[in-house]
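Engineer: Generate a structure from the sequence data that follows.
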Amino acid sequence: MSGRSLRVVALVAGVASLAGAGLVLVATLLLWPRDRFMKVEPAAIDSYDVAFLDGAGKVVDTGRLDRGNPEGLVPAVEARAALLLPEGDLKKRGVQKGDPAAIAAAPPAQELPLMTIGGVPARVELALTEADRNHGLMFRPRMSADDGMLFAYDRQQGNIGFWMKNTLIPLDIAFFAEDGTLVNVNETPIAADPREGPWPPSPAAGPARFVLEMNLGWFRKKGLVDADGKPKPGLKAVFPPEAVRGSFE
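Structural biologist: As a prediction, the model looks like this:
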């Protein structure tokens, strides 16, 4: 540990000014209301240093987010905030894992959209455009227990199928009809070589409009499927309004 305390003292349009023990940094602040395995996606123009903070205000991980690298960056442990700094600043300033920090004058953190399946809640990132659906959960080495990704299409389709290209964690892939009925859940392992394939398909068992990806075994743990992995009768989902309205492209 460096022994220095970092503090966010100002936040304007997402840009945070940090100061403490003579240390002054400027960083973009990404903030969540709970510790989670957030993924920071790369920018097209600049590379960044990233410092992840937990809810107790401690630097729990650091890394480099390279320009245009599609794999992005996920902390090794769950984090509450990510500070994006100019490339090279972490080393230059001597910021290390374990350094204490405090966030002040930050706006309220926004939670992920909420959906429920048979009354069971899940927090979901939304994939509403073709580009977002194609990228999905690629290159994520870990995901928080009740987080997932909801893929929404502009209409119900009869031939939706997913595969596990560049997917680094095993998943439950669940398909839902337009009215929210749970059609089927596929417990889907990672491919032997996620980057090169082959990637076995994970198809819907009937017409579907929505697809939910959660950590492998989530539906069993929540009692939403039987011993054979089939949905309990009558299960329906309630989707976030923005997923139903969509911004489909």
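Engineer: and residue 162, how many neighbours?
Structural biologist: Neighbours of residue 162 under the rule other Cβ atoms under 10 Å: 21. Where C-beta positions appear, they are placed from N, C-alpha and C, glycine not excepted.
Engineer: for residue 241, that is, sorry about that
Structural biologist: The local packing of residue 241 (other Cβ under 10 Å) involves 8 other residues.
Engineer: repeat for residue 35
Structural biologist: Residue 35: 19 neighbours (other Cβ under 10 Å).
Engineer: try residue 119
Structural biologist: Residues lying near residue 119 (other Cβ under 10 Å) number 10.
Engineer: And for residue 187?
Structural biologist: Per other Cβ under 10 Å, the neighbour tally for residue 187 reads 16.
Engineer: got the contact list for the helix or strand harbouring it?
Structural biologist: Assigned by DSSP states H and E, residue 187 belongs to strand 182-188. When contacts are defined by Cβ atoms under 8 Å, 6 or more residues apart in numbering, strand 182-188 is touched by residues 117-118, 162, 164, 170-177, 200, 202-208, 216-217, 219, 224-225, 229-231, 235-237.
Engineer: who touches residue 223 in this structure?
Structural biologist: Contacts of residue 223 by Cβ under 8 Å, 6+ apart are 120, 232.
Engineer: any idea how far it is from residue 83?
Structural biologist: According to Cβ to Cβ, to the nearest Å, residue 223 stands 39 Å off from residue 83.
Engineer: Do me a favour and average the pLDDT over the helix or strand just after the strand holding residue 187.
Structural biologist: Moving toward the C-terminus from strand 182-188, the next helix or strand (DSSP H and E) is strand 202-203. Strand 202-203 shows a mean pLDDT of 96.
Engineer: The next helix or strand after strand 202-203: how far from the chain's middle?
Structural biologist: Using DSSP H and E, the next helix or strand after strand 202-203 towards the C-terminus is strand 208-215. Remark: strand 208-215 is offset 14 Å from the chain centroid, using Cα atoms, centre = their mean, to the nearest Å.
Engineer: cool, stretch 154-164 as well?
Structural biologist: With Cα atoms, centre = their mean, you get 21 Å for stretch 154-164.
Engineer: And stretch 82-97, by the same measure?
Structural biologist: Chain-centre distance of stretch 82-97: 23 Å, with Cα atoms, centre = their mean.
Engineer: Okay, buried residues for that stretch please.
Structural biologist: 82, 83, 84, 85, 89, 90, 93, 95 (16 or more other Cβ atoms under 10 Å).
Engineer: who touches the helix or strand harbouring the first one?
Structural biologist: The reference is to residue 82. If you go by DSSP H and E, residue 82 is part of strand 79-86. Strand 79-86 is contacted from outside by 16, 18, 25-38, 40, 46, 48-55, 60-61, 65, 75, 103, 109, using Cβ under 8 Å, 6+ apart.
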